[in-house]
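Visitor: Have a look at this prediction, sequence included:
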Amino acid sequence: LRSVGYTENTPAAGDWTMQEDGSFYMKTIYTGTGAEETIWFVTPDVRMRTSCIQGQGGKGVTTATFTTEVRQQAKKIEQICG
């Protein structure tokens, strides 16, 4: 988690919860924007993330993202790279 927000250069403090489906949800309100992020832990090596940056008062979406992250294991990398 961050000490300074990525939507504004101000100290960041958000609320988070672990959802019933095992996902992590975080909401952070800044001076002029707000950010919502959800992370699903699909397997120990795969994680999916969505984020949404909204304008002041929750009006309009500035940015929305979907990301899949795959952890590379050192042993597999050594096998590929030699």
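Guide: The structure has been received and is ready for your questions. As the structure is a prediction and not an experimental result, all values here were calculated from the model.

Visitor: For this structure, which residue occupies the most central location?
Guide: Nearest to the geometric centre of the chain sits residue 37, at 4.6 Å (Cα atoms, centre = their mean).

Visitor: Check which helix or strand that residue maps to.
Guide: In this assignment (DSSP states H and E), residue 37 forms part of strand 34-43.

Visitor: what sits up against that strand?
Guide: 5-7, 14, 19, 21-28, 47-54, 58 (Cβ atoms under 8 Å, 6 or more residues apart in numbering). All C-beta spots, glycine's among them, are computed from the backbone N, C-alpha and C.

Visitor: Could you give the bridge partners of the residue nearest to the centre of the chain?
Guide: residue 26, residue 51 (DSSP bridges).

Visitor: separation between it and residue 72?
Guide: According to Cβ to Cβ, to the nearest Å, residue 37 stands 23 Å off from residue 72.

Visitor: ditto for residue 17
Guide: For residue 17, the distance to residue 72 - Cβ to Cβ - is 29 Å.

Visitor: cool, and residue 63?
Guide: Here residue 63 is placed at a distance of 27 Å from residue 72 (Cβ to Cβ).

Visitor: who has more neighbours, the two?
Guide: Higher neighbour count among residue 63 and residue 72: residue 63, with 12 against 9, using other Cβ atoms under 10 Å.

Visitor: what's the helix or strand for that one?
Guide: strand 61-70.

Visitor: what's that strand packed up against?
Guide: Packing contacts for strand 61-70, counted by 3 or more Cβ pairs under 8 Å, 6 or more residues apart in numbering; DSSP states H and E, involve strand 46-54.
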